[in-house]
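following is a predicted model, sequence given first.
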Amino acid sequence: MKIEIFKGKGKKKQFYTGLNQGMGVMKTGTKEWAKSNLNFQLGCEHGCRYCYAREMAVNRFNRCTVEQWTQPVIDNEKVDQPRGKRKGIIMFPSTHDLTPLNMSQYLCVLRKLLDAGNKVLIVSKPHWSCITVICDFYTEFRDQIMFRFTIGSMNDEILSFWEPEAPNFAERLACLQYAFQRGFKTSVSCEPYLDPYVVYTYTACKGYLTDSFWIGKLKHFDRRVDLSGISTEEIEKFVKPLKAAQGDDIVKSMYRLLDGRPFVQWKDSIREVMKRTAKDKKRIKGYWRPLECPECGAKMICDGTTPPIRHYKKLVDNKEL
Ligand code: SF4
């Protein structure tokens, strides 16, 4: 349910209830996870075809070209900055990833954040060489760190098409297991899901979670996905199936299968589909509500057409309804 409240000068604030949200302002994107973000690099060598950060940097802010995006540039001034205590959880990073190439800078900034008492959400398509170092050398900060590993599919062919330079499934799962066994808080982001078999990914990961398993769609598919250099065969094999998997029917069956399972959380893209569905159901229920014939009181069905009422009576009498 959505309730709108006016907030001065015609601005509306929207409140939502239901679908795991409780009562409160509906948050979307990274705001669902953290109060603020931190990054020190432009570009990311993982080169995901659906990358939101690349789309913003290239199309919206003209900060680099598509080709430059996969050759990241580190901003050393940001790395060297002192870090104080911030309010709320810090998502670090949010517009690049943590990779072997930027590991030393990452560790340096992370240490400053942790020393200042911050809580840090580490979101990554995790590399074994990076995650094990954090787990081994930052053990005393276990309570301040939450790992959130992005795993959109168990299928390496699909992963390497959509996220060409990111680690394969086995490496990501191994990182999850390692962090879990070392006593860190762990969670998974299956956003965007890259195939409709989210239940298998969930099953593979759930034994190593302490916090949550987030599921979300690939938003703004046509605008965001970079299809340059893709063959017709790849379009048939990877692009069309993923686009089809964004459909409401797939989302609904996924929801039916997984809602209420331990750790499962739905991102705004899925909640939006389920809210629309709930509204449709309500409308259809009202449309088909049984009525009584004003002449004889017999039950009849209002189907929105207007045959004579006597016709309904006759149908009811003949037990055809
Ligand atoms: S890992 Fe994240 S930041 Fe890097 S290319 Fe992929 S989506 Fe973009």
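That came in fine, so what should we check first? Numbering: from 1, shown residues only.

so which bits of the one helix or strand Glu67 maps to are buried?
When elements are defined using DSSP states H and E, Glu67 is found to belong to helix 66-69. Along helix 66-69, the positions that meet the burial threshold by neighbour count (16 or more other Cβ atoms under 10 Å) are Trp69. (C-beta placed from N, C-alpha, C; glycine too.)

check stretch 44-55 too.
Cys44, Glu45, His46, Gly47, Cys48, Arg49, Tyr50, Cys51, Tyr52, Ala53, Arg54, Glu55.

next one: stretch 243-263
With burial defined by 16+ other Cβ under 10 Å, the residues of stretch 243-263 counted as buried are Ala245, Gln246, Ile250, Val251, Met254, Tyr255, Leu258, Phe263.

among these, which are in helices?
The subset of the buried residues of stretch 243-263 located in helices under the criterion DSSP state H comprises Ile250, Val251, Met254, Tyr255, Leu258.

among those, which are in reach of the ligand?
Among these, not one lies near the ligand by Cβ under 6 Å from any ligand atom.

skipping adjacent residues, who's closest to Thr28 in space?
Asp268 (4.2 Å; Cβ to Cβ, 6 or more residues apart in numbering).

how many neighbours does that neighbour have?
20 (other Cβ atoms under 10 Å).

correct me, but it touches Glu32?
Yes - in terms of Cβ atoms under 8 Å, Asp268 counts as a neighbour of Glu32; the distance is 6.9 Å.

any part of stretch 61-80 near the ligand?
No - for stretch 61-80 and the ligand, the contact criterion (Cβ under 6 Å from any ligand atom) is not met; the two come no nearer than 7.4 Å.

got the buried residues for that stretch?
By neighbour count, and taking 16+ other Cβ under 10 Å as the criterion, the buried residues in stretch 61-80 are Cys64, Trp69, Thr70, Pro72, Ile74, Val79.

how far does it stretch from start to finish?
Counting by Cα to Cα, to the nearest Å, the length from the leading to the trailing residue of stretch 61-80 is 24 Å.

ok, now stretch 34-41?
Chord length of stretch 34-41, first to last residue, is 19 Å (Cα to Cα).

chain center to that stretch, what's the gap?
On the basis of Cα atoms, centre = their mean, to the nearest Å, stretch 34-41 is displaced by 17 Å from the centre of the chain it belongs to.

average pLDDT for that stretch, rounded please.
Model confidence over stretch 34-41 averages 97 on the pLDDT scale.

just stretch 205-215 next, same as before
For stretch 205-215, the per-residue pLDDT values average out at 98.

all strands for the stretch 201-321 of the chain, in order.
For the stretch 201-321 of the chain, the strands defined by DSSP state E, counting those that start in this stretch cover 212-215, 264-266, 290-292, 299-301.

done for today, thanks.
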